[in-house]
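**Student:** Sequence isn't available, so here's the structure alone:
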């Protein structure tokens, strides 16, 4: 029961952070998923969908929807991967880079008062504990043949 209570608390934190973050991102013309992709691609070379999914931690279906919307907004581009003809590379367009240069610092500034409520050591300790939980969950996935990005 302690495990479920802990996971529920983590989910509550994610929900609260979304409630704090999403209105500001909407004022910038982005959803949280779109911002996640823009922020991940900002100042980075183009990457495969697989790499992008791992870095954003989005499920494949959600990432597809977000990428489609960003393509329509002409904020990202898709190009054939020269190293693997079966995959494409996703990168920011000039407009996407300009949005990143504006939105990332604006959102960081927006979150600064929240950030200031926490001590660095407190966040380091929490991150280390969460990392330990993640490692155990990933180990469980690999030893129990559960697909990592399953919607189950």
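**Tutor:** Looks like it arrived, so ask away. Just so it is clear, the structure is predicted and the values come from calculations on it, not from any experiment. Numbering: from 1, shown residues only.
**Student:** Just confirm residue 97 is within a helix.
**Tutor:** Yes - using DSSP: H, G, I helix; E, B strand; the rest coil, the assignment for residue 97 is a helix.
**Student:** Tell me how far the helix or strand in which residue 100 is found lies from the chain's centre.
**Tutor:** In this structure, residue 100 sits in helix 94-115 according to DSSP states H and E. Relative to the centre of its chain, helix 94-115 is centred 14 Å away, using CA atoms, centre = their mean, to the nearest Å.
**Student:** Could you do stretch 117-131 as well?
**Tutor:** How far stretch 117-131 lies from its chain's middle: 19 Å, per CA atoms, centre = their mean.
**Student:** Outside of that stretch itself, list whatever touches it.
**Tutor:** With CB atoms under 8 Å, 6 or more residues apart in numbering as the test, stretch 117-131 has contacts from residue 10. Bear in mind the C-beta positions are built from the backbone N, C-alpha and C, glycine included.
**Student:** again with stretch 36-55
**Tutor:** 30, 56, 58-60, 63, 66-67, 70, 75-77, 79, 81, 84, 87-92, 96-97, 99-101, 103-104, 149.
**Student:** again, 7 Å this time
**Tutor:** 30, 56, 58, 60, 63, 66-67, 70, 75-76, 79, 81, 87-92, 96, 99-100, 103-104 (CB atoms under 7 Å, 6 or more residues apart in numbering).
**Student:** In helices, which of those appear?
**Tutor:** Using DSSP state H, 56, 60, 63, 66, 67, 70, 96, 99, 100, 103, 104 are the members of the contacts of stretch 36-55 that sit in helices.
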